[in-house]
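**Student:** here's my sequence, what's the structure:
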Amino acid sequence: MSATPANAVTLRFLAAPTDVGHSGSVDAGTVLEWVDKAAYAAAVGWARSYCVTAYVGNIHFADPVNSGDMVEVEATIVYTGRSSMHIRTVVSSGDPKGGVPTMRSQCMVIFVAVGDDGKPIPVTPFEPATPGEAEQRDDALARIKVREEIVAAMKAQEYTDAGTAERVVLRFMAAPTDVNWGGKVHGGIVMNWIDEAAYLCASRYCGSDTVAVFSGGVRFYRPLLIGHVVEVEARLVYTGSKGMHIAVHVRSGDPKGREMNLTTYCLTVMVARDAAGDSVPVPPWVPVSEEDKRLHAHARELLEIRGRAPGNRLPNHLLAEGRTTAPAQSAGAAALGGR
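**Tutor:** Reported below is the predicted structural model:
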């Protein structure tokens with residue numbers, strides 16, 4: 001691990017056979033674990049205190065990481081608030097025998113520094129020293145309003161048994177092996193659970209192997225404790241021609257009680273693949289109940305909000321698509337960085 005300059009950390013390691021998942025390459029959940037660890041290292045190095053994951057922005061999984069690849073995960077602090085650190089992460093991999101690593105994914109992660117009482121504490125302000133750093137800071141600032149809109153839109157939704165779409169719920173205990181350096185389940189583990197539930201939901205719906213191409217709006221509301229009962233619910237909310245948009249909620253609670261609290265929420269886009277690994281069309285999902293229709297409109301709203309983010313790749317034809325009818329099966333996952 002290197003830490004030069006002071007606002008950046010790069011982790012380097014070989015992708016192991018045990019990192020390979022259901023996709024035949026390294027799963028998105030494992031990549032998200034790597035991202036969280038690198039960003040955590042950058043955050044605690046800067047804050048000189050324990051830090052917690054608060055938010056993970058849009059991450060596109062452009063190309064797979066394979067077993068045996070030399071992996072680089074670079075985490076760079078590009079902006080600081082009073083107690084928050086906005087960290088740009090880039091995952092690259094390539095042949096360990098030589099050559100230039102290829103960028104596989106990138107996203108923005110926000111960590112918050114906390115004291116011994118668990119409350120946010122101030123961090124040293126980051127001041128850009130080069131035009132490149134100033135540009136990255138400005139990009140982070142430009143995304144704040146979009147992120148706030150996404151969080152508000154997600155928080156406003158209600159998920160009940162009135163929905164008719166494909167849904168799966170995983171339940172288990174948070175194990176001691178899931179613990180982070182602060183004694184809680186680290187964000188990367190939670191994001192791996194999210195990927196597993198989204199995979200199961202999407203694969204059941206389309207009857208094919210699926211893989212994540214995008215995760216976004218990963219909001220961490222409260223810590224998840226070792227020994228708690230964990231519930232990961234994944235529900236289909238929208239389909240495109242090849243993509244399935246899966247909303248995932250993570251809840252947890254004391255096993256001696258009955259109350260389950262929301263800890264994390266995000267939306268993941270999965271695509272179906274054939275035996276050759278190419279993306280293939282999926283059956284169109286048509287909303288039935290009023291809740292189905294509301295959540296479908298919510299997915300459309302998120303697409304439109306993300307289309308306003310700097311550098312987003314959403315095509316105009318998807319953004320112009322009607323919102324009052326059942327989904328025209330034209331662009332789903334490809335609109336969010338599908339292969």
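**Student:** quick one: the helices in the stretch 151-300 of the chain, in order.
**Tutor:** Assigned by DSSP state H, counting those that start in this stretch, the stretch 151-300 of the chain shows helices spanning 187-206, 290-306.
**Student:** starting at the chain centroid, how far to the longest one?
**Tutor:** It refers to helix 187-206. Mean-position distance between helix 187-206 and its chain equals 11 Å (CA atoms, centre = their mean, to the nearest Å).
**Student:** tell me the bridge partners for Leu267.
**Tutor:** Beta-bridge pairing for Leu267 (DSSP bridges): Gly216, Ala247.
**Student:** who touches it in this structure?
**Tutor:** Applying CB atoms under 8 Å, 6 or more residues apart in numbering to Leu267 gives the contacts Met154, Ser215, Gly216, Gly217, Val237, His245, Ile246, Ala247, Val248, Ala299, Leu302. Glycine gets a C-beta too; all of them are placed from N, C-alpha and C.
**Student:** so which of those comes closest to Ser67?
**Tutor:** Ser215 (21.8 Å; CB to CB).
**Student:** per-residue confidence at that closest one?
**Tutor:** On pLDDT, Ser215 comes in at 88.
**Student:** would you confirm that it contacts Asn192?
**Tutor:** No - under the criterion of CB atoms under 8 Å, Ser215 is not in contact with Asn192, lying 11.1 Å apart.
**Student:** residue nearest the centroid of this protein?
**Tutor:** Of all residues in the chain, the one closest to the mean position by CA atoms, centre = their mean is Ser215, 3.9 Å from it.
**Student:** please name the residues that touch it.
**Tutor:** Contacts of Ser215 by CB under 8 Å, 6+ apart are Ala28, Leu32, Val56, Asn58, Ile59, Met191, Ile194, Asp195, Cys266, Leu267, Thr268, Val269.
**Student:** tell me, how many residues neighbour the residue lying closest to the third one once chain neighbours are set aside?
**Tutor:** Put plainly, it is Val56. Closest residue to Val56 in three dimensions, ignoring its sequence neighbours and counting by CB to CB, 6 or more residues apart in numbering: Val218, at 3.7 Å. Val218 has 28 neighbours, counted by other CB atoms under 10 Å.
**Student:** what does Ser289 give?
**Tutor:** 14.
**Student:** what sits against it?
**Tutor:** Ala162, Gly163, Thr164.
**Student:** at 10 Å what do you get?
**Tutor:** Contact analysis of Ser289 by CB atoms under 10 Å, 6 or more residues apart in numbering lists Thr160, Asp161, Ala162, Gly163, Thr164, Ala165, Leu295.
**Student:** and the buried ones among those, selectable in ChimeraX?
**Tutor:** The buried subset of the contacts of Ser289, as determined by 16 or more other CB atoms under 10 Å, is captured in ChimeraX by this line:
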select :163,165,295
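**Student:** widest-spaced pair of the contacts of Ser289?
**Tutor:** Those two in the contacts of Ser289 that are separated most widely, counting by CB to CB, are Asp161 and Leu295, at 13.1 Å.
**Student:** so can I have JSON lines of the helices of the stretch 151-300 of the chain showing mean pLDDT and distance to Ala140?
**Tutor:** Shown next, in JSON lines, are these (pLDDT from 0 to 100; distance: least, CB to CB, whole Å):
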{"stretch": "helix 187-206", "mean pLDDT": "94", "distance to Ala140": "19"}
{"stretch": "helix 290-306", "mean pLDDT": "90", "distance to Ala140": "16"}
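**Student:** please work out which of the ones you listed is packed deepest.
**Tutor:** helix 187-206 (a mean of 24; mean count of other CB atoms under 10 Å).
**Student:** if we can go back for a sec, do you know how far the spatially closest residue to the residue nearest to the centre of the chain that is not a sequence neighbour is from Val211?
**Tutor:** Nearest residue to Ser215, sequence neighbours excluded (CB to CB, 6+ apart): Thr268, at 4.7 Å. Plainly put, Thr268 is 11 Å away from Val211 if you go by CB to CB, to the nearest Å.
**Student:** try Val78
**Tutor:** 29 Å.
**Student:** which stretches of the protein have low pLDDT?
**Tutor:** 1-5, 181, 310-339 (pLDDT under 70).
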